[in-house]
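this one's structure only:
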């Protein structure tokens with residue numbers, strides 16, 4: 001419920017809300033209506049039955065009006081909960097602020113942890129407090145990700161003034177993109193001696209900056225991302241400039257990670273594929289020297305000659321991360337890549353797309369990926385029987401290192417895999433990601449196995465979890481089984497229909513939600529529950 005902290009000037013605000021909800025013909029076990037301050041939209045969180053009944057009632061429109069009107073009057077709304085017996089034994093003490101002397105006596109280790117939660121804009125103020133705080137706040141690890149202020153991208157005068165401040169030396173990451181003025185050599189010179197940790201070049205006109213200077217800038221970084229959009233107006237730095245920058249990277253560069261990504265939606269009529277950026281003008285021996293020192297390499301939508309591909313293959317043994325997406329490979333080159341991955345590589349992360357594995361023996365594929373911790377396969381041509389055999393090998397393997405698997409744009413073949421095999425393979429992983437909606441037999445088997453014990457920590461990727469309530473067949477899973485399964489995870493996401501009327505509905509039943517929250521209160525491994533467009537919130541469990 002919501003409480004009006006300024007009194008009941010609305011004429012019994014809480015009583016009005018209670019009356020409106022009680023007017024519903026059907027009970028609403030789970031119901032939350034609130035006004036999103038960011039979007040100014042009234043949002044609804046409820047189970048599928050309550051959501052449908054409530055939206056069709058007059059109470060919904062009246063509550064929307066109350067929330068909107070209250071917000072327009074800037075009335076302060078606070079969350080209100082009825083007291084529970086379980087809290088009766090707790091004593092809540094008023095906030096006690098730590099004195100200045102108390103802060104001054106904090107150990108450096110504690111200050112470092114506290115400062116680690118601050119943004120660079122706040123760290124700037126910390127530098128001014130005292131010599132002790134300044135010495136701690138100046139540590140480079142606290143400034144990781146510190147980028148150029150936006151005002152410096154808009155006005156050249158602001159960039160020049162900022163470069164004279166001591167704070168300029170704290171820059172760790174440089175996003176060389178979307179400047180409102182043309183960069184020249186004198187501007188890029190400012191960044192060359194900073195010892196930047198990482199740089200990203202995209203969406204910027206660098207026509208007045210020398211290739212040699214850009215090569216020197218990139219060479220001084222540990223990580224570099226170059227994104228080229230094949231567009232007349234927004235495609236800068238452009239294909240030629242990107243190739244020139246790569247060609248000028250110095251042999252003694254600090255680079256450990258390189259991403260070269262080409263975006264182009266133009267489909268070539270002859271091949272039916274997207275247009276690719278050609279690197280054939282770069283000598284193969286140069287690429288060999290460049291790739292030799294790398295720990296991470298990502299190439300996307302590029303055309304490489306056979307010799308250049310050989311340069312990449314020769315250096316895979318040194319890589320811990322490889323992303324090979326949209327690179328044309330013939331059957332021989334594909335087999336060569338898979339054999340190298342299976343025999344000599346020490347990869348921890350592998351990403352492949354647009355690769356034809358249909359003619360590759362399953363054992364070769366299994367050997368290539370089963371010892372890689374994170375595997376991402378997108379639009380890979382592979383047959384159902386190959387996927388099933390791969391899963392069976394993974395299930396029976398005692399030395400597999402694979403923990404995270406993403407299979408995208410392959411649902412036609414993936415969802416024809418035997419449900420029991422799929423469920424056991426999925427639950428041996430720590431995370432699994434796929435698109436499409438699981439068939440009923442698969443979803444029942446997955447959660448049945450999960451309820452008995454699982455290695456899974458989440459469904460989807462940690463940064464993009466799959467919402468449990470969006471599976472259309474989720475309602476077919478036994479409530480008790482689903483409750484046990486979800487509480488065996490570490491993180492779970494519910495969207496409850498997304499909150500907006502236009503969005504899809506929640507597919508969970510009332511019985512399933514009741515069972516889930518009951519189990520959550522008894523015993524759970526869950527640490528966070530995530531909802532669409534909302535921050536995670538921690539779960540305190542009773543072990």
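That came through fine. Quantities reported herein were computed from a predicted structural model and do not represent experimental measurements.

flag the shaky bits of the stretch 151-300 of the chain, pLDDT-wise.
230-236, 265-274 (pLDDT under 70).

swap that for the stretch 401-543 of the chain, sorry
Along the stretch 401-543 of the chain, segments meeting pLDDT under 70 span 497-504, 532-543.

those strands in it, which residues are they?
404-408, 431-434, 458-461, 464-465, 491-494, 528-531, 537-538 (DSSP state E, counting those that start in this stretch).

so which of the ones you listed comes closest to residue 187?
strand 464-465 (36.2 Å; Cβ to Cβ). (Glycine included, C-beta is placed from N, CA and C.)

for the closest one, give me every contacting residue.
Identification of contacts with strand 464-465 by Cβ atoms under 8 Å, 6 or more residues apart in numbering yields 433, 458, 459, 491, 492, 493, 530.

name whatever forms a beta bridge with the fourth one.
Going back to what we said before, that points to residue 491. Counting by DSSP bridges, residue 491 forms beta bridges with residue 528.

for stretch 306-320, what is the average pLDDT?
Stretch 306-320 shows a mean pLDDT of 91.

return the set of buried residues in that stretch.
308, 309, 310, 311, 312, 313, 315, 316, 319, 320 (16 or more other Cβ atoms under 10 Å).

can I get these in JSON lines including secondary structure and distance to residue 136?
Output for the buried residues of stretch 306-320, formatted as JSON lines (DSSP: H, G, I helix; E, B strand; the rest coil; distance: Cβ to Cβ, whole Å):
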{"residue": "308", "secondary structure": "helix", "distance to residue 136": "47"}
{"residue": "309", "secondary structure": "helix", "distance to residue 136": "49"}
{"residue": "310", "secondary structure": "helix", "distance to residue 136": "50"}
{"residue": "311", "secondary structure": "helix", "distance to residue 136": "45"}
{"residue": "312", "secondary structure": "helix", "distance to residue 136": "43"}
{"residue": "313", "secondary structure": "helix", "distance to residue 136": "47"}
{"residue": "315", "secondary structure": "helix", "distance to residue 136": "40"}
{"residue": "316", "secondary structure": "helix", "distance to residue 136": "42"}
{"residue": "319", "secondary structure": "coil", "distance to residue 136": "36"}
{"residue": "320", "secondary structure": "coil", "distance to residue 136": "32"}
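
picking that back up, by neighbours, which of the contacts of strand 464-465 wins?
Greatest neighbour count in the contacts of strand 464-465, by other Cβ atoms under 10 Å, goes to residue 492: 27 neighbours.

I figured that one was touching residue 529, is that so?
Yes. Taking Cβ atoms under 8 Å as the definition, residue 492 is a contact partner of residue 529 at 5.7 Å.

which one is residue 118 nearest to, not counting chain neighbours?
Using Cβ to Cβ, 6 or more residues apart in numbering and skipping the chain neighbours, the partner closest in space to residue 118 is residue 126 (6.8 Å).

again, but for residue 308
residue 284 (5.1 Å).

then residue 244?
Residue 244's closest residue in space is residue 211 (Cβ to Cβ, 6+ apart), at 4.2 Å.

the one you found: how many residues sit nearby?
With other Cβ under 10 Å as criterion, residue 211 counts 16.

can you tell me how far it is from residue 449?
Relative to residue 449, residue 211 is positioned 56 Å away (Cβ to Cβ, to the nearest Å).

contact partners for the closest residue to residue 530 other than its chain neighbours?
Take residue 530 and drop its neighbours on the chain: the residue closest to it by Cβ to Cβ, 6+ apart is residue 493, 4.3 Å away. By Cβ under 8 Å, 6+ apart, the residues touching residue 493 are 458, 459, 460, 465, 466, 467, 468, 529, 530, 531, 532.

now do the helices in the stretch 251-400 of the chain.
Along the stretch 251-400 of the chain, counting by DSSP state H, counting those that start in this stretch, helices occupy 284-292, 306-315, 331-343, 362-369, 384-396.

buried residues, the last one. List them.
In other words, helix 384-396. Buried-residue list, helix 384-396, by 16+ other Cβ under 10 Å: 386, 387, 388, 389, 390, 391, 392, 393, 394.

any idea how far residue 427 is from the last one?
If you measure residue 394 against residue 427 using Cβ to Cβ, the figure is 11 Å.

next, residue 156: phi, psi?
Backbone geometry at residue 156, expressed as degrees, to the nearest 10, gives phi -60, psi -30.

still on that earlier bit, want to throw the buried residues of stretch 306-320 into JSON lines with distance to residue 187?
Formatted as JSON lines, the buried residues of stretch 306-320 follow (distance: Cβ to Cβ, whole Å):
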{"residue": "308", "distance to residue 187": "33"}
{"residue": "309", "distance to residue 187": "37"}
{"residue": "310", "distance to residue 187": "39"}
{"residue": "311", "distance to residue 187": "33"}
{"residue": "312", "distance to residue 187": "34"}
{"residue": "313", "distance to residue 187": "39"}
{"residue": "315", "distance to residue 187": "34"}
{"residue": "316", "distance to residue 187": "37"}
{"residue": "319", "distance to residue 187": "34"}
{"residue": "320", "distance to residue 187": "34"}
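
and which of those is nearest residue 117?
Checking the buried residues of stretch 306-320 one by one against residue 117 (Cβ to Cβ), the nearest turns out to be residue 320, at 29.0 Å.

spatially nearest residue to the closest one (excluding sequence neighbours)?
Going by Cβ to Cβ, 6+ apart, residue 320 has residue 348 as its nearest residue, at 4.8 Å.

and that neighbour, how far from residue 296?
Residue 348 is 10 Å from residue 296, by Cβ to Cβ.

what's the overlap in contacts for those two?
Shared contacts of residue 348 and residue 296, counting by Cβ under 8 Å, 6+ apart, come down to 320, 321.

next, count neighbours for the closest residue to residue 448 other than its chain neighbours.
By the measure of Cβ to Cβ, 6+ apart, the closest residue to residue 448 outside its immediate chain neighbours is residue 481, 5.8 Å from it. Neighbour count for residue 481, taken as other Cβ under 10 Å: 18.

next one: the one 4 residues further on
Using other Cβ under 10 Å, residue 485 has 26 other residues around it.

residue 453 is in contact with that one, correct?
No. Taking contacts as Cβ under 8 Å, residue 485 lies outside contact range of residue 453: 9.9 Å.

first-to-last residue distance for stretch 155-168?
16 Å (Cα to Cα, to the nearest Å).
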